[in-house]
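Asks: for reference, the sequence and a predicted model appear below.
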Amino acid sequence: MAQTTGAMSFYAALVKYSSANEAWAAMSDISGEGVAVSPAGGDRAFGEVNTFTGDVPIVTPGKRGSVSITVRAVYTDSALEAFNAIRALYETAGGFIRLAWSPNGTGTTVFEVWRNETFQGIITAFSYPGGEAGDGAPAMCEFTVTGSRFESL
């Protein structure tokens with residue numbers, strides 16, 4: 001098999017959110033503050049048992065677990081940028097959010113968090129800004145969205 005020529009880095013990724021069921025083009029872009037996207041979870045449960053006969057277990061599949069994505073962002077005081085916009089959704093009952101990201105930044109391939117059969121995940125963690133005085137690094141914040149699965153748009 002030939003080596004791929006389609007590799008891409010994550011340097012120009014797009015991260016968008018919405019409090020409603022808006023299309024990708026209408027969602028709010030927080031890529032200007034976003035610095036990292038870390039999807040996780042979705043592992044399939046499985047069962048295994050050993051019998052008296054044989055040297056290997058019997059293995060059976062189970063259901064997939066929930067998924068989550070953590071977004072790290074630069075903290076700003078602006079009401080329209082990531083920290084305050086996501087905080088407002090987090091502090092609202094339910095913490096529902098539509099979150100999507102495009103690794104290559106073009107919107108050609110877009111992934112999003114689904115919960116049950118809807119486009120909205122739940123903000124399950126939200127961190128307030130922190131940092132150190134001596135290193136000069138920007139203050140950061142992060143939030144985690146949990147759902148049933150990831151889907152491609």
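Replies: It's in. Everything numeric in this text was worked out from a predicted model, so none of it was measured.
Asks: going forward, measure contacts between C-alpha atoms and count neighbours the same way
Replies: Will do.
Asks: give me phi/psi at the spatially most central residue of the chain?
Replies: Central residue check for the chain by C-alpha atoms, centre = their mean: the C-alpha nearest the mean position is that of Ile69, 2.4 Å away. Geometry field for Ile69 lists phi and psi as phi -140, psi 130, criterion degrees, to the nearest 10.
Asks: tell me the buried residues in the longest strand anywhere in the chain?
Replies: Across the chain, the strand with the greatest residue count (assigned by DSSP state E) is strand 121-130. The neighbour-count criterion (16 or more other C-alpha atoms under 10 Å) identifies 121-124, 126 as the buried residues of strand 121-130.
Asks: quick one: which of these is nearest Val145?
Replies: Ranked by distance to Val145 (C-alpha to C-alpha), these are led by Ile123 at 4.4 Å.
Asks: and that closest one, what is it in contact with?
Replies: For Ile123, the set of contacting residues under the criterion of C-alpha atoms under 8 Å, 6 or more residues apart in numbering consists of 89-90, 95-97, 143-146.
Asks: how close does Gly6 get to Tyr17?
Replies: Note on Gly6: its distance to Tyr17, by C-alpha to C-alpha, to the nearest Å, is 27 Å.
Asks: one step back: how about TSV for the buried residues of strand 121-130, with pLDDT and distance to Gly34 added?
Replies: Converted to TSV, the buried residues of strand 121-130 look like this (pLDDT from 0 to 100; distance: C-alpha to C-alpha, whole Å):
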residue	pLDDT	distance to Gly34
Gly121	92	18
Ile122	95	19
Ile123	96	16
Thr124	96	18
Phe126	97	14
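Asks: ok, so of the contacts of Ile123, who is nearest Gly62?
Replies: Within the set of the contacts of Ile123, Thr146 lies nearest Gly62; the separation is 19.9 Å, counting by C-alpha to C-alpha.
Asks: neighbours of that closest one, how many?
Replies: Counted with other C-alpha atoms under 10 Å, the burial measure for Thr146 works out to 26 neighbours.
Asks: confirm it sits in a strand?
Replies: Yes - remark: Thr146 belongs to a strand, assigned using DSSP: H, G, I helix; E, B strand; the rest coil.
Asks: surely it and Gln120 touch.
Replies: No - taking contacts as C-alpha atoms under 8 Å, Thr146 lies outside contact range of Gln120: 9.2 Å.
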